[in-house]
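**Student:** Sequence first, then the predicted structure, then my questions.
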Amino acid sequence: MSSQKPTRSYKHRDLELLWGQAGARCSHPQCRKLLIRPATENDPHAVVGKIAHINDFSPSANSPRSDPSLTVQELNAYENLILLCGDHHDEIDKQKKTFPRETLLAWKREHEAWVVSRLEQAMPGIGFAELEVVCNVLLSPPTQPNEGFIPTAPAEKMRKNNLSDNLLRKLQLGLSMFNEVEAFIQGVARLHPQFPEGLKAGFVKRYNESLDREISGDALFETLYDFASSGSSKIERQAAGLAVLCYLFQKCEVFEP
């Protein structure tokens with residue numbers, strides 16, 4: 001038997017889900033502080049969030065959040081993790097009876113629902129200005145269009161990519177702006193005919209890179225969503241990124257494994 005202690009090692013899938021679903025904010029209901037500090041003249045951006053285990057990583061008979069039946073992989077998985085700021089991470093770590101697993105699970109559910117509700121409020125307000133910023137960042141050299149391509153129905157595309165029903169609300173929100181995104185892309189294409197293919201190429205490139213990193217399912221969607229919004233903390237940029245991603249999800253070969 002190995003004498004090495006288990007380590008806190010997280011898969012890309014779990015990190016993408018955790019940060020994406022939490023909107024890069026503290027999950028404490030009275031905090032929700034942004035956990036990424038912008039770059040300055042002297043330093044790059046700084047990640048200040050901390051990952052906490054809902055069920056203790058190191059089981060203890062004295063801890064109400066201890067579950068020795070869980071494997072190391074289960075303990076380090078997204079389902080057992082919650083994203084917090086430094087203060088609230090230390091608080092729940094040192095006051096486990098005050099913050100049992102049921103409380104932390106409720107925080108996580110409520111916070112992730114709050115993140116989606118912010119998108120829901122912002123989505124109707126995005127316009128060509130936000131879409132232009134998002135699309136210009138995403139462009140890649142266009143590839144040859146696939147003339148024989150027939151779009152896959154969204155439900156089938158979700159199944160092929162192992163996307164869960166947890167993403168349905170985000171997909172519905174993004175697709176609610178389908179006509180606006182299409183009008184924008186068609187408008188730009190009149191002046192720059194290669195624009196639609198270049199936009200698609202940017203997403204396909206990132207999609208394939210993510211698959212190479214063994215990111216799939218909901219985590220893959222969150223990765224592309226973060227890419228589409230350029231990791232921005234601005235809710236308008238996030239909403240525009242989601243709208244463009246969902247448009248391409250339905251319209252073309254993005255998400256075609």
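**Tutor:** Looks like it arrived, so ask away. Model, not experiment: these values are computed from the prediction.
**Student:** so where do the strands sit in the protein?
**Tutor:** Applying DSSP state E to the chain gives strands spanning 36-37, 46-47, 50-53, 81-84.
**Student:** contacts for the second one?
**Tutor:** So the one you mean is strand 46-47. Applying C-beta atoms under 8 Å, 6 or more residues apart in numbering, the external contacts of strand 46-47 come out as 35, 36, 37. For the C-beta atoms, the positions are set from N, CA and C on the backbone; glycine is no exception.
**Student:** got it, and stretch 174-183?
**Tutor:** 123, 126-127, 131, 154, 242-247, 249-251.
**Student:** If you count neighbours, what's buried in that stretch?
**Tutor:** 174, 175, 177, 180, 181 (16 or more other C-beta atoms under 10 Å).
**Student:** Same check on stretch 238-254?
**Tutor:** Along stretch 238-254, these residues count as buried under the neighbour rule (16+ other C-beta under 10 Å): 238-250, 252-254.
**Student:** Over to stretch 40-58?
**Tutor:** Residues 49, 50, 51, 52, 53, 54, 55, 56, 57 are the ones in stretch 40-58 that count as buried (16+ other C-beta under 10 Å).
**Student:** what stretches of the stretch 51-200 of the chain score poorly on pLDDT?
**Tutor:** Where the stretch 51-200 of the chain drops to pLDDT under 70, the residues are 61, 140-154.
**Student:** cutoff 80 now
**Tutor:** Scanning the stretch 51-200 of the chain for pLDDT under 80 picks out 59-62, 137-157.
**Student:** So which residues of it form helices?
**Tutor:** With helices called from DSSP state H, counting those that start in this stretch, the stretch 51-200 of the chain shows them at 72-75, 86-94, 101-122, 128-138, 154-160, 168-175, 178-191, 195-212.
**Student:** name the helices or strands packed onto the second one?
**Tutor:** Helix 86-94 sits against strand 50-53, with contacts defined as 3 or more C-beta pairs under 8 Å, 6 or more residues apart in numbering; DSSP states H and E.
**Student:** elements contacting the strand it packs on?
**Tutor:** Strand 50-53 packs on strand 81-84, helix 86-94, going by 3+ C-beta pairs under 8 Å, 6+ apart.
**Student:** who does that strand pair up with?
**Tutor:** Sheet pairing of strand 50-53 (DSSP bridges) gives strand 81-84 (antiparallel).
**Student:** now for the contacts of stretch 174-183, which pair is the farthest apart?
**Tutor:** 127 and 154 (24.5 Å; C-beta to C-beta).
**Student:** These two: which has the busier surroundings?
**Tutor:** Comparing residue 127 with residue 154 by other C-beta atoms under 10 Å, the one with more neighbours is residue 154, at 17 against 13.
**Student:** sorry, back to before: least confident of the buried residues of stretch 238-254?
**Tutor:** The pLDDT minimum for the buried residues of stretch 238-254 sits at residue 253, where the score is 63.
**Student:** Many thanks, we can stop here.
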